[in-house]
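**Student:** What follows is a predicted protein model with its sequence.
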Amino acid sequence: MIAITDADDPRIADYRAVRERDLVGRMGRFVIEGEVVLRLAVARGRFPLASALLSEKRAGLAETIPAGVPVYVAPQAVMDSVTGFPIHRGVLAVGVRGDAPDPRALLAALPPRALVVALVGLTNHDNVGGIFRNAAAFGADAVILDGETCDPLYRKAIRVSAGGALVVPFARAGDPSALLDLLEEAGFTSLALSPRGADTFATLRPPARAALVLGTEGPGLPDAVMSRARTLRIAMAGEFDSLNVAVTSGIALHALAGLDG
């Protein structure tokens with residue numbers, strides 16, 4: 001452990017002004033926040049850690065960090081000053097992204113029976129984080145993002161996902177048309193979810209390779225996407241059709257995963 005007493009210490013520059021730097025990127029790195037997510041990141045080992053920053057009261061977590069990774073320990077006041085807001089959990093780490101996965105290779109490597117989630121135009125980090133949390137919970141094999149969907153490794157998205165963004169493999173596939181092309185090429189049946197969907201899950205026999213396609217709340221999926229997919233809806237009472245997209249993903253993924261046998 002390396003003691004830090006000065007908020008301007010250059011060794012912890014990666015943690016300075018966390019919120020502001022979330023908006024402009026971190027040159028191939030991302031921030032992990034909280035004990036649960038940190039432990040998951042270490043256990044899975046998908047993304048290597050560059051360093052960790054712990055408050056003095058959370059210094060015991062240093063024993064969970066892989067050997068060779070610098071662990072900085074600071075008083076709570078110093079840690080808050082570095083980040084620019086109170087870090088009540090007292091646990092931060094910086095992960096390394098590595099090379100961006102190739103979506104075609106990711107899909108080709110999946111088993112004959114596979115479930116993926118495809119996201120089109122989702123710009124809300126809470127929703128993306130919630131979808132990754134559900135994808136991890138219901139055993140989705142991968143998430144494919146179009147070019148407009150926000151970064152799953154944004155700090156808030158990781159936190160909302162409860163670490164799911166560090167567990168479920170994901171890749172970007174350009175615009176929605178290119179995304180659907182890749183899914184079709186890999187043998188996936190695209191299932192587009194919308195209140196305008198023609199079928200319900202009660203009538204669906206999940207295909208061996210299923211891709212749940214989700215769009216942003218409000219406008220929903222573009223007609224060009226809907227026209228190329230089997231369209232589904234979740235039955236709701238009365239005329240109410242305003243389920244949050246993250247909640248919707250959980251219902252749909254549960255139905256597609258077949259975990260109840």
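**Tutor:** Yep, that arrived. Numbers count the residues shown, from 1 in each chain.

**Student:** backbone phi and psi for T189, please?
**Tutor:** Dihedral angles of T189 (phi, psi; degrees, to the nearest 10) stand at phi -90, psi 120.

**Student:** cool, and S81?
**Tutor:** Torsion angles, degrees, to the nearest 10, at S81: phi -70, psi -40.

**Student:** how much space between it and V71?
**Tutor:** Distance of S81 to V71, given as C-beta to C-beta, to the nearest Å: 19 Å. (Glycine included, C-beta is placed from N, CA and C.)

**Student:** Between the two, which has more neighbouring residues?
**Tutor:** V71 (19 against 15; other C-beta atoms under 10 Å).

**Student:** which element is L191 on?
**Tutor:** strand 189-193 (DSSP states H and E).

**Student:** Please disregard the earlier target; I meant L256.
**Tutor:** Going by DSSP H and E, L256 is in helix 245-257.

**Student:** angle of that helix against strand 189-193?
**Tutor:** For helix 245-257 against strand 189-193, the angle by axes from the mean of the first three to the mean of the last three C-alpha atoms, to 10 degrees is 140 degrees.

**Student:** what about helix 245-257, distance to the chain center?
**Tutor:** Between the centre of helix 245-257 and the centre of its chain there are 15 Å (C-alpha atoms, centre = their mean, to the nearest Å).

**Student:** Show me the domain layout of the protein.
**Tutor:** 2-96, 103-257 (automatic domain parsing).

**Student:** wait, what's in contact with S249?
**Tutor:** S249 is in contact with 117, 130-131, 134-135, 212, 214, counting by C-beta atoms under 8 Å, 6 or more residues apart in numbering.

**Student:** ok, now with 10 Å
**Tutor:** 117, 119, 127, 130-135, 138, 140, 193, 212, 214, 243 (C-beta atoms under 10 Å, 6 or more residues apart in numbering).

**Student:** re earlier: next, the buried residues of the strand holding L191.
**Tutor:** 190-193 (16 or more other C-beta atoms under 10 Å).

**Student:** Stretch 188-208 now?
**Tutor:** 188, 190-194, 197, 201, 206-207.

**Student:** Repeat that for stretch 109-128.
**Tutor:** Here stretch 109-128 shows 110, 114-122, 124-128 as buried, counting by 16+ other C-beta under 10 Å.

**Student:** so where do the strands sit in the chain?
**Tutor:** 2-3, 29-33, 49-55, 71-74, 91-96, 114-120, 142-145, 170-172, 189-193, 199-200, 209-215, 230-233 (DSSP state E).
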